[in-house]
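Colleague: 3D model of this:
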Amino acid sequence: MTATIVKVLTKYGACVACRQKRCLAPSLIGDGAPWTSARGDAAPWIMLPMKQTPREILSGCVCTRMDAGGAQRIAWSLLKGFANRGHTSKLVFLYTKRPAYPVGEDVSTISTCRPGIAGLIGIVHRLRRMFRQHRPDAVISHTPYSNVIVLPLAWLTGIPVRVAVHHSLSGSYSRLVRRLDRLIGATSVYVHCVAVSEVVKSSFQSYSREYRKKLIVVPNGVESVPDAIEAVNSPFARDVLVLLNVGRLSRSKRHSVLIDIVERLPHAGLIIIGDGELREELEDRVHARGLSSRIWFSGVHDHDVVWSYLKSARVFVFTSRLEGLSLALAEAMSVGLPIVASDIPQNREVLTTKDGKRAGILVEPDNVDVYVSAVKTILDDPAHAGTMSGIARQRARELDLDVMIDRYASLLVESGES
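Modeller: Okay, here's the model as predicted:
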C-alpha cells in the first residue's frame, strides 16, 4: 500500500507556487509540530463518530487545486450542515492555492503552496498522525487524488466508515488515478462511493461489480437565496442587457464561445465570475475584438456577492463541456434566472425537473449561432422567460441542500452502526 501511495505522489513535480522541489513547511514534518491553520484551497474529506463516543465530524478538503470549485463548496456545506445538526466538524486543506474560506477552529490547511514529491510524502505522514490522534469514525473524501490517498490511510488507521465522492466523470481522471481508483474501490477500503449525479454514476459502469455495488447517487444541493440579498449595480451602460457566467477560467468551460456569443449580441454585456489559468488569454482576446466595454471579468467573490450578481442578470449562459452536477447552474436556478446551457448529459440532468420539465434552453455545444438565437428568445419574450424562471425555481427546490446533508449524515450513521 505504501508503494502504491508513493506512485501517486510521483505524479506531482516541483511546487507550482514557489518552484521548489521540496515545499512542505518544515514545522509540519516533525511529530511535535503544531497543526497549522491558514486560508486554504484543495478538496474535501469528513469524519464522523459512533453513538458511544462524543459526536465529532472531521471534514477536510484534499485535492490538487481549489479555485473555489464545486467539490470544495460541497465539503464546506457539509461542514456547516453537520455543525447545525450538533456535530463538531473540521475542514482540512492539503495546501493553499487561493484563499477561499475563513480559517479558524474548523478550517485548516497543511501546506502553504502546492507540494512536490517530498512535500506530499510529508503530508501523508501528517495525515496519518492526525487520523491516529483524532480517531474519527468516518471519513468522506472528495476528488480522485484524495480518494486514492486519504481513504487508504483511513483504512490503515482503522477508521470504520470511508466514503469516496465522485464529482466528475471517471474518464476525466488521469490514467494512473483511474487505475488506482478501480483497484482500491473494489476492495474494502471504500465502504461507500457517492456520485453527485446519475450521469457521473453511469460513467463507472465498466468498473467491477464489487465497485459498482457501492455506488449511490447523492445530488449536490443548493441553499435558498437569502431574502436580504439585493441585485448589484450593472458595470455596463444602462441600456445593456446583462448576461452572466460563473465558473473557473479553464478550457473545459469554453469561455471562448461566450466571447463569440457576446460579439453577435450588440445590446448585451457579459459578466464572468471566476478566475483561472486562462484569464490573461481571455482578457487579451476580449481586448483584441474591441469588447472590453461589454465583457467584464469580475474575479472570485464571496457567496453573497455571487447571489447579488445572479439577481442582476437577465440570462445565465453556460458553455461548459465537462461537469458532474453543476453548482453554478443550480444556483442560477435558485434565483429563477433563465438559462441557456450546453446540451451535455450532465446539464440535461441538472436542468430537468422530476416531472420532466426543462429549466433552460439546451444548445449544441460550440454552436454559436444557436446560442445567440436562444439568448435572443429569452430577451425578446418576457412571458417565455417568466415560465422558464418558475421552472428553474422548482428544480432548485428539488436540489435542496438540507436533503443532501441528511443523505450524507444518515449514510455515515447507518454505516457506523452496521
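Colleague: In three-state terms, label Asp181 for me.
Modeller: helix (DSSP: H, G, I helix; E, B strand; the rest coil).
Colleague: elements contacting the helix or strand that contains Trp307?
Modeller: If you go by DSSP states H and E, Trp307 is part of helix 303-312. Applying 3 or more C-beta pairs under 8 Å, 6 or more residues apart in numbering; DSSP states H and E, we find helix 303-312 packed against strand 241-246, strand 268-273, helix 327-334. Where C-beta positions appear, they are placed from N, C-alpha and C, glycine not excepted.
Colleague: so of those, which one's packed in deepest?
Modeller: helix 327-334 (a mean of 26; mean count of other C-beta atoms under 10 Å).
Colleague: residues making contact with it?
Modeller: 70, 73-74, 220-225, 244-247, 306-307, 310, 316, 318, 339, 341, 347, 350-351, 359-360, 392-393, 395-396, 399 (C-beta atoms under 8 Å, 6 or more residues apart in numbering).
Colleague: The helices and strands packed on helix 303-312: which one's closest to Gln205?
Modeller: helix 327-334 (24.3 Å; C-beta to C-beta).
Colleague: Next, the angle strand 241-246 makes with the closest one.
Modeller: 140 degrees (axes from the mean of the first three to the mean of the last three C-alpha atoms, to 10 degrees).
Colleague: How far does the helix holding Trp307 sit from its chain's centre?
Modeller: Remark: helix 303-312 is offset 18 Å from the chain centroid, using C-alpha atoms, centre = their mean, to the nearest Å.
Colleague: Same question for stretch 323-336.
Modeller: Worked out by C-alpha atoms, centre = their mean, stretch 323-336 lies 12 Å from the chain centre.
Colleague: and it, average pLDDT?
Modeller: Here stretch 323-336 scores 93 as its mean pLDDT.
Colleague: what about that stretch, how long is it end to end?
Modeller: With C-alpha to C-alpha, to the nearest Å as the measure, stretch 323-336 spans 21 Å from end to end.
Colleague: in the sheet, who's paired with Ala164?
Modeller: Here Ala164 sits in beta bridges with Ser141, Cys193, as judged by DSSP bridges.
Colleague: Next, the contact list for it, please.
Modeller: 141, 147, 151, 181, 185, 190, 192-194.
Colleague: returning to what we had before: can you flag the buried ones in the contacts of helix 327-334?
Modeller: Buried subset of the contacts of helix 327-334 (neighbour count, 16 or more other C-beta atoms under 10 Å): 70, 73-74, 220-223, 225, 244-247, 306-307, 310, 316, 318, 339, 341, 347, 350-351, 359-360, 392-393, 395-396, 399.
Colleague: which regions of this structure sit below the pLDDT cut-off?
Modeller: 1-67, 414-418 (pLDDT under 70).
Colleague: In three-state terms, label the closest residue to Gly69 other than its chain neighbours for me.
Modeller: Nearest non-adjacent residue to Gly69, counting by C-beta to C-beta, 6 or more residues apart in numbering: Arg248, 6.7 Å away. Secondary structure, three-state DSSP: Arg248 is coil.
Colleague: now swap in Pro152 and tell me
Modeller: The local conformation at Pro152, judged by three-state DSSP, is helix.
Colleague: so how many other residues sit close to it?
Modeller: 22 (other C-beta atoms under 10 Å).
Colleague: is it true that it touches Val189?
Modeller: Yes. Under the criterion of C-beta atoms under 8 Å, Pro152 makes contact with Val189 at 5.6 Å.
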